[in-house]
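Trainee: Kindly return the folded structure for what I paste below:
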Amino acid sequence: MNLIETGIDINSDEYKKNYEYMERLVADLKTELNKARYERSQKAKDRLAKQGKLPVKKKLELLLDKNTPFLEIAPLAARGMYDGKIHGAGIIAGIGIVEGREVLINASDAAIKGGAVYPMGVKKSLRLQTIAMENRLPMINLLDSAGAFLPLQSEIFPDADDGGRIFYNQAIMSKMGIPQITAVMGLCTAGGAYIPAMSDEVVHVKGTGAIFLGGPPLVKAATGEEVTADELGGAEVHCMESGVSDYLADDDAHAITILRQIVANLPENVKEKLNMREPEPPIYDTKEIYGIVSRKINTPYEVREVIARIVDRSEFLEFKEMFGPTIVCGWAYIHGYPVGVLANNGILFSDSSLKATQFIQICDKRKIPLVFLQNISGFMIGREYERGGITKNGHKMVNAVSTVTVPKFTVMMGASFGAGNYAMCGRAYSPRFLWNWPNAEIGVMGGEQAADVLVTIKNEQLAKEGKPPMPREEIDAIKEPIITAARKEGDAYYSTSNLWDDGIIDPASTRDVLGLSISASLNAPLRDDVQGYGIYRM
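Mentor: Next up, the predicted model:
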């Protein structure tokens, strides 16, 4: 492979301005992450301590192997929603190492509204199950939840992708042979009772853990029977009488010890093998990405400079370098894993679409995972390009991205607009993981362009009616709310709050995040047996 020679002047004014801008964005990101991870009321902390429960962060510390990485999933889900305090949608989750094995952990945070389940908590739980199924990861649930947040029950209960889907997925995961292990550390009420009931093995904490379809207040209202939570569904009831639970734990710490023993007892999982080489860091500082990436979303930057600061040894074997130059394709290694990289270096034309399609097919045949680095405003439009087949050639790329069976990983590094989002493996195209940088923007098109389109349409209507075009003040009145809405809804934080991605990351950590993502994916078969790309329009 060839060393990517850098052309960046780290002493230039432009580099320094870009660097300072990204540095501010990363500082803001760290502030938001700290708030989501640690902002809990003293009242909630005192309540947990009085009950003898451990904070969720302490549970994770005891569960995970010492000095191993934890790839957190959607830490800013539900940011700004509800009362602004349902951090992480009430769940701390991610991929970590337990007894030397990669597992997916879903931990309810009882310091947030007693662990009540909000609509975004359901969506996050479903996303976690999807990750577990796609990557064949054992799933560990640390449960302590007051149940569904009833004022929003219509957004939690009835639809195909609402709460009931969690239990459907549990049945499918069981059929797939994916281990599901649950620790009952607090209340598991109503539908929440099915999570342990549908798990392979259940650890139940004495005195604090309780499983029941209807809690004491509902039992009294429905039957007149008065019963405590422990009498109704405590550890001894379910370990000794009902058989719902399998292991009785004295407290949270004891439960976690048992969880680790269960994971250690799981059958050995042989991960998929790739043609790996010894990992080596890039020769360039990863934080130089800050100065490379433009602070203006519509200003292009040389994507090879970013690749050089992500891949091992900054080495890259570029495919069709002189053809379709607005997309860069080639082979590299990330933390020793071989990858095929597709990275935007401008708008997508027919030639760049065809080049990408061929490259995707080669990687699929060779069982090489794909990494998409998105900074795309879309496909080229206009009469000349339509006559040249941009629609059918773009379709070929979208088809290949849709049907390729090797693992896909996407990083949004700037713009992600229109069909460019699709062709570069946006959320709808099932990348195993999708990560955002804090400068990313997503939408059908940029706010300015959307506003200009509407103004043009309105002026054309006026012209047909024989009327003059709109005056400047009327144009501004139309454009301003559209641009404002686009900026708000296209913002990286709006995306991550709505779980359109798996988290916003520091650009300098992209290499490590991708390495952990690829490692997790190798717990599943590398490629489906069924290959093919459907029909390509000639």
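
Trainee: next one: phi and psi at Ala222?
Mentor: phi -80, psi -40 (degrees, to the nearest 10).

Trainee: isn't there a helix covering Lys45?
Mentor: Yes. Lys45: assigned to a helix according to DSSP: H, G, I helix; E, B strand; the rest coil.

Trainee: could you pull out the strands for the stretch 101-250 of the chain?
Mentor: In the stretch 101-250 of the chain, the strands defined using DSSP state E, counting those that start in this stretch lie at 101-108, 139-143, 180-184, 187-189, 201-205, 210-212, 247-249.

Trainee: just checking, what's the longest strand in this protein?
Mentor: Criterion DSSP state E: the longest strand present in the chain is strand 408-417.

Trainee: Report all helices and strands that it contacts.
Mentor: strand 370-376, strand 433-436, strand 441-443, helix 510-521 (3 or more Cβ pairs under 8 Å, 6 or more residues apart in numbering; DSSP states H and E). C-betas here are computed from N, CA, C, even on glycine.

Trainee: helices and strands around the second one, which ones?
Mentor: So the one you mean is strand 433-436. Using 3+ Cβ pairs under 8 Å, 6+ apart, strand 433-436 is in contact with strand 408-417, helix 492-497, helix 510-521.

Trainee: hey, which of the ones you listed is tucked in deepest?
Mentor: Greatest average neighbour count among the helices and strands packed on strand 433-436 goes to strand 408-417 (a mean of 26), per mean count of other Cβ atoms under 10 Å.

Trainee: Tell me the neighbouring strands of it, and mark each as parallel or antiparallel.
Mentor: According to DSSP bridges, strand 408-417 has the following sheet partners: strand 370-376 (parallel), strand 433-436 (parallel), strand 441-443 (parallel).

Trainee: Quick check: which of those strands is nearest to Ser497?
Mentor: Ser497 lies closest, by Cβ to Cβ, to one member of those: strand 433-436, at 11.2 Å.

Trainee: Tell me the buried residues in the closest one?
Mentor: Of all the residues in strand 433-436, those buried under the rule 16 or more other Cβ atoms under 10 Å are 433-436.

Trainee: Out of the residues you listed, which comes closest to Asn523?
Mentor: Distance to Asn523, by Cβ to Cβ, is smallest for Phe433 among those, at 13.3 Å.

Trainee: Just the pLDDT for that closest one.
Mentor: The model reports Phe433 with a pLDDT of 98.

Trainee: Distance-wise, check it relative to Lys35.
Mentor: For Phe433, the distance to Lys35 (Cβ to Cβ, to the nearest Å) stands at 23 Å.

Trainee: go on, Pro338?
Mentor: 38 Å.

Trainee: Next: Val371.
Mentor: Val371 sits 30 Å away from Lys35, going by Cβ to Cβ.

Trainee: Looking at those two, which one has more neighbours?
Mentor: Val371 (28 against 14; other Cβ atoms under 10 Å).

Trainee: That one bridge partners, please.
Mentor: Beta bridges link Val371 to Val341, Phe409, judged by DSSP bridges.

Trainee: now do the one 5 residues further on
Mentor: With DSSP bridges as the criterion, Ile376 is bridged to Ser416.

Trainee: if I look at it, how far off is Thr228?
Mentor: 58 Å.

Trainee: Neighbour count: these two, which is higher?
Mentor: Ile376 (29 against 10).

Trainee: how about the nearest residue to Thr189, chain neighbours excluded?
Mentor: The shortest distance from Thr189 to any non-neighbouring residue, by Cβ to Cβ, 6 or more residues apart in numbering, is to Gly147 (3.9 Å).

Trainee: ok, the one you found - how many residues close by?
Mentor: Number of residues near Gly147 (other Cβ under 10 Å) recorded here: 19.

Trainee: rewinding a little: list just the nearest of the buried residues of strand 433-436 to Gly426.
Mentor: Out of the buried residues of strand 433-436, the member with the shortest distance to Gly426 (by Cβ to Cβ) is Leu434, at 7.5 Å.

Trainee: can I assume the closest one is in contact with Ile505?
Mentor: No. In this structure, Leu434 is not within contact of Ile505 by Cβ atoms under 8 Å, at 10.7 Å.

Trainee: Show me the common contact partners of these two, please.
Mentor: Taking Cβ atoms under 8 Å, 6 or more residues apart in numbering as the contact rule, Leu434 and Ile505 both touch Val411.

Trainee: Flag the shaky bits of the protein, pLDDT-wise.
Mentor: Within the chain, the set of residues satisfying pLDDT under 70 comprises 529-531, 538.

Trainee: rerun that using 80 as the cut-off
Mentor: For the chain, residues meeting the criterion pLDDT under 80 lie at 150, 191, 445-451, 486-487, 527-538.

Trainee: Could you name whichever residue is most remote from the centre of it?
Mentor: Distance from the C-alpha centroid of the chain peaks at Gly466, with 51.2 Å (Cα atoms, centre = their mean).

Trainee: helix/strand/coil for that one?
Mentor: Recorded secondary structure, Gly466: coil (three-state DSSP).

Trainee: and if you look at the one 4 residues further on?
Mentor: For Met470, the secondary structure call by three-state DSSP comes out as coil.

Trainee: residues in contact with it?
Mentor: When contacts are counted by Cβ under 8 Å, 6+ apart, Met470 touches 455, 458-459, 462, 478.

Trainee: ok, it to Gly447 distance?
Mentor: In terms of Cβ to Cβ, Met470 sits 18 Å off from Gly447.

Trainee: what's the first-to-last distance across stretch 51-71?
Mentor: 30 Å (Cα to Cα, to the nearest Å).

Trainee: picking that back up, correct me, but the residue nearest to Thr189 touches Gly121?
Mentor: No. Contact status for Gly147 versus Gly121: not in contact, 11.0 Å apart, counting by Cβ under 8 Å.

Trainee: hang on, the earlier thing: so of the contacts of Met470, which two are at opposite extremes in space?
Mentor: Counting by Cβ to Cβ, the most remote pair of those is Leu462 and Ile478, 12.4 Å apart.

Trainee: on that earlier part again, just put the strands paired with strand 408-417 in a markdown table and tack on distance to Met322.
Mentor: Listed next are the strands paired with strand 408-417 as a markdown table, based on distance: least, Cβ to Cβ, whole Å:
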| stretch | distance to Met322 |
| --- | --- |
| strand 370-376 | 20 |
| strand 433-436 | 31 |
| strand 441-443 | 31 |
